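[1] coords please:
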Amino acid sequence: MTVTTLPTFDDVESAARQIGGAAHRTPVATSRTVNRRTGAEIFFKCENLQRGGAFKFRGAFNALSRLSPDERRRGVVTFSSGNHAQAIALAGQVLDIPRVIVMPSDAPSVKKIATEGYGGEVVLYDRDREDREAIGRRLAHERGLTLIPPYDHPHVIAGQGTAARELIDEVGTLDLLFVPCGGGGLLSGSALSARAMAPACQVIGVEPAAGDDATRSFRTKTLQTVHNPATVADGARTPSLGSLTFPLVLEYVSDMTTVDDRALLRTMFYLWERLKLVVEPTGALGAAAVLGSDLDFLATDDSTAGGRRENRDPTPFRDDAMRMMNGTPSIPAYYAAIAGLDIIDEVGVDRIRARSRELTARLLALVDEHGWTSAAARDPDRLAGTVAVNVPDALLVARTLKARNFLVDYRPPVGVRMSPHFYNTPDEVDAIMSEIKSIVATR
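    Numbers count the residues shown, from 1 in each chain. Below you'll find the model as predicted:
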């Protein structure tokens, strides 16, 4: 197969054999709550548990492992906002192939760090003023490297198609398959697998609403583009489908749809909370298309997902995820620290710590004012100050705090441990403490 030939399901089968033993066969998650709410049997293919944290390792390893000895010696170059970058870096590490990764300067820092940690040489560029593909071609020419693009490559597409192949092989024939879409590599490969293994299955590509170039391309049958779309789904901020993925999408995909960032973030937090699946926004696109309009029950439904239960809710700010410090969405700083996860990018750890100290000090002052015993965690390396309060009717107080966007533990007989989120305002802290005082006074 040459790099200009459209891949087929035979190539997906070949890729499955090629990556066997290197890529993980990721689990499939289910949720009785989701099934009950949707009236369907829903399966989540957990590619967040793949090596490198995303499905991209499949295509990267398939492509790199097929290079000739001379190509391996000279190395490869690619361009990516993060996941393909990490995948090429990791696959190159496994196969001992030098790799150069062209990444946007505003890519999530955690992805840049991971790419470098896998031994990739990172070359940064300004996505607003520079063309990453041109940079990649120039580096390939100057250094004699083989260019492995993130989606428009037959071996990459075939490798990505192994995810859907595994899913259908495990759960059987599907009626619908919802697949995230950026450049179309995963969507194209998945559609190849679905057509061969479940011919009646409708494959639906899902894009962020702000980056709907593939949807428009599908509707008009003419390749459409978008420039640097402002969406939290950084893995889908691609300019267009590719010369290989576009015809494959037209031939094998049943329909395209979009979801806005609000629905996407709500879904992402739901997956975190209920299924305990830590996914990034791009990875939640397919689930958002299925669940987006059905998530109003999040704050009231007490059912557990798959029989699992968590004793506290670490994410009470679902709809406020983009509020950050000043009410302005930060791209690509698209989610905040919760329950031990890192704050990333423009939000800034120092700003969070300063904000946390301010709010914790306010909280302590109010606790002292009301005459309750208290203690505060003042570790400068913590991102959230914690105040332990021993008050009457602590359980009722804990429930009230949780409803007002505090991280709360109820620990009898000690009382309540509470931490204000970094976006709580001083007025909000004052209001909740006044409410607690009223609750206690009337009991």
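[2] Thr5 and Ile157 touch, don't they?
    No - using CB atoms under 8 Å as the test, Thr5 is too far from Ile157 to be in contact (10.8 Å). C-betas here are computed from N, CA, C, even on glycine.
[3] more neighbours, those two?
    In this view Thr5 and Ile157 are compared by other CB atoms under 10 Å, and Ile157 has more residues nearby, 32 against 10.
[4] Look up how far Arg127 lies from that one.
    Remark: distance between Ile157 and Arg127 (CB to CB, to the nearest Å) = 24 Å.
[5] swap in Ser105?
    Applying CB to CB to Ser105 and Arg127 gives a distance of 7 Å.
[6] Comparing these two, which shows the higher neighbour count?
    Here Ser105 and Arg127 are compared on neighbour count by other CB under 10 Å; more neighbours surround Arg127, at 18 against 11.
[7] The more buried one belongs to a helix, doesn't it?
    No - using DSSP: H, G, I helix; E, B strand; the rest coil, the secondary structure at Arg127 is coil, not a helix.
[8] shouldn't it be in contact with Asp106?
    Yes - here Arg127 lies in contact with Asp106, judged by CB under 8 Å, at a distance of 6.8 Å.
[9] Name the helix or strand for Ile204, please.
    Here Ile204 sits within strand 202-208, counting by DSSP states H and E.
[10] Tell me which residues are up against that strand.
    Contacts made with strand 202-208 from outside it, assessed by CB atoms under 8 Å, 6 or more residues apart in numbering, are listed as 175-182, 184, 187, 190-191, 194-195, 213-215, 218, 229, 231-233, 236, 249, 252-261, 264, 281, 285-286, 288-289.
[11] ChimeraX command to pick out the buried ones of those?
    Here is the ChimeraX selection string for the buried members of these, based on 16 or more other CB atoms under 10 Å:
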select :176,177,178,179,180,181,182,184,187,190,191,194,195,213,214,215,218,229,231,232,233,236,249,252,253,256,257,258,259,261,264,281,285,286,288,289
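[12] how about stretch 271-280: buried residues?
    By neighbour count, with 16+ other CB under 10 Å as the criterion, the buried positions of stretch 271-280 are 271-275, 277, 279-280.
[13] Lowest-confidence one in those?
    Taken together, the buried residues of stretch 271-280 show their lowest pLDDT at Glu273, with 77.
[14] So what angle separates the directions of the host helix or strand of that one and strand 202-208?
    Using DSSP H and E, the secondary-structure element containing Glu273 is helix 261-274. In this structure, helix 261-274 runs at an angle of 110 degrees to strand 202-208, with axes from the mean of the first three to the mean of the last three CA atoms, to 10 degrees as the basis.
[15] contacting residues around the helix or strand just after helix 261-274?
    Going down the chain from helix 261-274, the next helix or strand is helix 285-291, by DSSP H and E. For helix 285-291, contacts defined as CB under 8 Å, 6+ apart pick out 34, 37-38, 42, 44, 178-181, 204, 206-208, 233, 236, 257, 259, 263-264, 266-268, 270-271.
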